[in-house]
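Peer 1: kindly return the folded structure for what I paste below:
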Amino acid sequence: MLRAAILGLVSEAAAMKLHPDLSLVTDVLARQGTPENLTCVEDITFHGGQNHAYSNLGGLGPDTDKPKELRYRSIGVDHKSGSELDLVVKNDTRYQTSNPQYNGVSAGTHVGQISCAMGTDVVTTVSFVEHDTDTPVTLDLVKLTFCDVDHFSLARAEIYTVDVDAFYIVSEGPDFTYEFKDLDGNELAESAMGVETVAALHAGRFVKRYFKQGGGQFRVKVTSGAQGFGCDNPKDFSDLTIIAYNETEQCQAPPDYYANHQDLVVDQAKRCFAFELKNSFSTRLVFQAGQDGVQTGKSRNMIISGASTFFNHETPCPTPSTTMPLTTTEAPITTDEPDTTTEAGTPAPSASITGDPHATNVDGQRFNVVRAGTHELLRLPRLSRVPAAAEPAEPLVQVLGRVEAAQGSCALPFVREVLVAGRLLGSLGTLRFGTSGGAPGADGAILLGLNGSEVGPEEFARRAESVATVRVPQQPGRGSVGSNIRRRTFLSVQLHVGHAKMSIGWVHRSVPNGAMVNHLNFDVSNLRQLSKELGMDIGGILGRDDHALATTPGPECAGHTADLHATSSWSGGLTPPLPAGSISASL
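Peer 2: Residues are numbered from 1 along each chain as shown. A predicted model of the protein is given here:
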């Protein structure tokens, strides 16, 4: 079945004018949903902010009003039960640190951090539980990754001991030592262990996977073997790189001891390891900061994240609320919802703009967008009624959508381009998603841009993998034409921007008069949670800004109550002019 799916994607890639590279196609396949007979690994993501992590591990604070634990909240969803997950760390022996404020999520990253006083060790239990409870959740397969396994001096080496079902390191060998024991601490004979080399999801990366012959858990002990400092710490475990101190700006700054280590070259991947747990809800983890036992008043931090594409080789599990299962040879055919402008007072679980176009804002209000041009769909923070000079130069998140009509008439408006930008995207800059034409294989059917450069789906998936997942549904764009409106999705991109999850779908639609058009659907979930986390209101017509203008035909369609003329003046560049009357926003 897997081979047939890969071959099917190769032919589809050719039809869509994608590069038919087999390794690329298997990588795209791995990012799709999971057929029932394939194993998938739970998608675990650590989120920052007080609403998503608190620490009172060992009763040391800083959140002394909380239970004596370190809790990472809303890290994922069990794809089988649909239970929202927290990861909880509790100490089983005395826990010591001079820097409890470091516990949590490293600022600006999805990396968890646990501080331990130099010269001490702590035995902990790491558990997956239902959100904001202590109810354990048994997961079929979950993977965690530790990085930055290094030390200031050999006498102060870091030592990790963890009970696992499998253990992963880079195929070329790590910068640390490791040994295997049974769960009673007895050394395992070499014959008791199996090893295989597998291709990781990250292009060109291979890892060694160690497992116990016959199955079952074993204990692995990892001891750091190389010197390192804070300037070489990875910020994204799926974007590991090589840090040459003499070429890296942050390794030139104080503290002054960097000056004595300018010859250091750190391969971040060689200082990481990953492990998997099967049919489990917890494991035992021991962290020792400094093997000589000498307390210095300082601390060492272990940093942790979910499955890294540098070490994981298995398909991420679909998120129940957003991922479409690929269990048929064709994408499903559906009919559009009827047009409606009914106001609904109950909050919607997500905001969206779909079809021609039906919109739902974060408060559940539904309306139709009938004005051509560029509309600000979302903005964090919402623009307040104060002078522009008081507003931030760049929003944290901003989404613009360009609406135009098919067939050059005042009818059938569709979203044809979406821009996503803001400080939460970091160095990725502006992300562009666009479509044109009337068939999935037409020129311009798939338009993707990164920071001003147009790229293909494969390059986009590679360069934006820290925030984006690209999916190619099977058998795209072969819907029949008839009296019913039909549509099929031929590409989708999911974005994780902060805690919000955005989905952009490329849709081929056949309309009642026999014409065909490609358009975009846009959906965002968890937006309220992101808003609450950041303490900011949500702007844009899908937020809480006035959408009256968007629901009124433009002057070019005067006299047309149900039609929309859509000759857009936007040439498709990344800095579109906004039509008069639209909400002013700059990317």
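
Peer 1: list the contacts for the closest residue to residue 105 other than its chain neighbours?
Peer 2: Closest residue to residue 105 in three dimensions, ignoring its sequence neighbours and counting by CB to CB, 6 or more residues apart in numbering: residue 48, at 4.0 Å. In short, each C-beta sits where N, CA and C put it, glycine included. Contact criterion CB atoms under 8 Å, 6 or more residues apart in numbering gives 104, 105, 106, 107, 108, 109, 110 as the residues in contact with residue 48.

Peer 1: buried subset of these?
Peer 2: With neighbours counted by 16 or more other CB atoms under 10 Å, the contacts of residue 48 contain buried members at 104, 105, 106, 109, 110.

Peer 1: quick one: the residues you listed as JSON lines, columns for secondary structure too.
Peer 2: What follows is the buried ones among the contacts of residue 48, written out as JSON lines (DSSP: H, G, I helix; E, B strand; the rest coil):
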{"residue": "104", "secondary structure": "strand"}
{"residue": "105", "secondary structure": "strand"}
{"residue": "106", "secondary structure": "coil"}
{"residue": "109", "secondary structure": "coil"}
{"residue": "110", "secondary structure": "coil"}
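
Peer 1: so the closest residue to residue 487 other than its chain neighbours, which state does it fall into?
Peer 2: In this structure, residue 487 finds its nearest non-sequential neighbour in residue 509, 4.2 Å apart by CB to CB, 6+ apart. Going by three-state DSSP, the secondary structure assigned to residue 509 is strand.

Peer 1: quick one: residue 509 and residue 414, what's the gap?
Peer 2: When distance is defined by CB to CB, to the nearest Å, residue 509 is 8 Å away from residue 414.

Peer 1: of these two, who's got more company?
Peer 2: Neighbour totals were compared for residue 509 and residue 414, and residue 414 leads with 25 against 21 (other CB atoms under 10 Å).

Peer 1: so the more buried one sits against residue 354, correct?
Peer 2: No: shown here, residue 414 and residue 354 do not form a contact pair, counting by CB atoms under 8 Å, at 9.7 Å.

Peer 1: am I right that residue 493 is in a strand?
Peer 2: Yes: with three-state DSSP as the criterion, residue 493 is part of a strand.

Peer 1: contacts only, for residue 493.
Peer 2: For residue 493, the residues meeting the contact criterion (CB under 8 Å, 6+ apart) are 433, 448, 460, 468, 469, 470, 471, 503, 504.

Peer 1: ok, it to residue 352 distance?
Peer 2: Between residue 493 and residue 352 the distance, using CB to CB, works out to 15 Å.

Peer 1: ditto for residue 265
Peer 2: Here the criterion is CB to CB. By it, residue 265 lies 47 Å from residue 352.

Peer 1: which of the two has more neighbours?
Peer 2: Each of residue 265 and residue 352 had its neighbours counted (other CB under 10 Å), and the higher figure belongs to residue 352 (21 against 12).

Peer 1: how about the more buried one, what does it touch?
Peer 2: Applying CB under 8 Å, 6+ apart, we find residue 352 in contact with 358, 359, 360, 521, 522, 523, 524, 542.

Peer 1: equivalent analysis for residue 451, please.
Peer 2: If you count contacts by CB under 8 Å, 6+ apart, residue 451 has them with 428, 429, 430.

Peer 1: 6 Å - rerun?
Peer 2: Neighbour list for residue 451: 429, 430 [criterion: CB atoms under 6 Å, 6 or more residues apart in numbering].

Peer 1: ok, now residue 428?
Peer 2: Shown in contact with residue 428 (CB under 6 Å, 6+ apart): residue 464.

Peer 1: quick check on it: phi, psi?
Peer 2: The phi and psi torsions at residue 428 (degrees, to the nearest 10) take the values phi -70, psi -30.

Peer 1: what separation do you get for it and residue 441?
Peer 2: Taking CB to CB as the criterion, residue 428 is separated from residue 441 by 28 Å.

Peer 1: what do you get for residue 456?
Peer 2: When residue 456 is compared with residue 441 (using CB to CB), they lie 14 Å apart.

Peer 1: burial of residue 223, as a residue count?
Peer 2: For residue 223, the number of neighbouring residues by other CB under 10 Å comes to 18.

Peer 1: mind checking what helix or strand follows the lowest-mean-pLDDT helix or strand in the chain in sequence?
Peer 2: Least confident helix or strand of the chain, by mean pLDDT, DSSP states H and E, is helix 22-30 with a mean of 33. Following helix 22-30 in sequence order, the next helix or strand is strand 40-41 (DSSP states H and E).

Peer 1: now do that following strand, average pLDDT.
Peer 2: Across strand 40-41, the average pLDDT comes to 89.

Peer 1: list the contacts of it.
Peer 2: Everything outside strand 40-41 that qualifies as a contact, by CB under 6 Å, 6+ apart, is 34, 141, 143, 307, 314, 315, 317.

Peer 1: now with 10 Å, please.
Peer 2: Counting by CB atoms under 10 Å, 6 or more residues apart in numbering, the neighbours of strand 40-41 from elsewhere in the structure are 30, 33-34, 79, 139-143, 201, 276, 306-307, 312-318.

Peer 1: tell me the first helix or strand C-terminal of it.
Peer 2: Scanning forward in sequence from strand 40-41 by DSSP H and E, the next helix or strand is strand 53-55.

Peer 1: run the chain-centre distance for that following strand.
Peer 2: 21 Å (CA atoms, centre = their mean, to the nearest Å).

Peer 1: who does that strand pair up with?
Peer 2: Listed by DSSP bridges, the sheet partners of strand 53-55 and their directions read strand 70-77 (antiparallel).

Peer 1: quick check: angle from the following helix or strand past the strand it pairs with to strand 70-77?
Peer 2: Following strand 70-77 in sequence order, the next helix or strand is strand 84-91 (DSSP H and E). With axes from the mean of the first three to the mean of the last three CA atoms, to 10 degrees defining the directions, strand 84-91 sits at 150 degrees from strand 70-77.

Peer 1: who are the packing partners of strand 84-91?
Peer 2: Here strand 84-91 touches strand 53-55, strand 70-77, strand 112-117, strand 120-130, strand 139-147, strand 282-289, going by 3 or more CB pairs under 10 Å, 6 or more residues apart in numbering; DSSP states H and E.

Peer 1: include distance to residue 100 and mean neighbour count when you put those strands into a markdown table, please.
Peer 2: As requested, those are arranged in a markdown table below (distance: least, CB to CB, whole Å; neighbours: other CB atoms under 10 Å):
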| stretch | distance to residue 100 | mean neighbour count |
| --- | --- | --- |
| strand 53-55 | 6 | 23 |
| strand 70-77 | 9 | 23 |
| strand 112-117 | 7 | 24 |
| strand 120-130 | 12 | 19 |
| strand 139-147 | 20 | 23 |
| strand 282-289 | 14 | 20 |
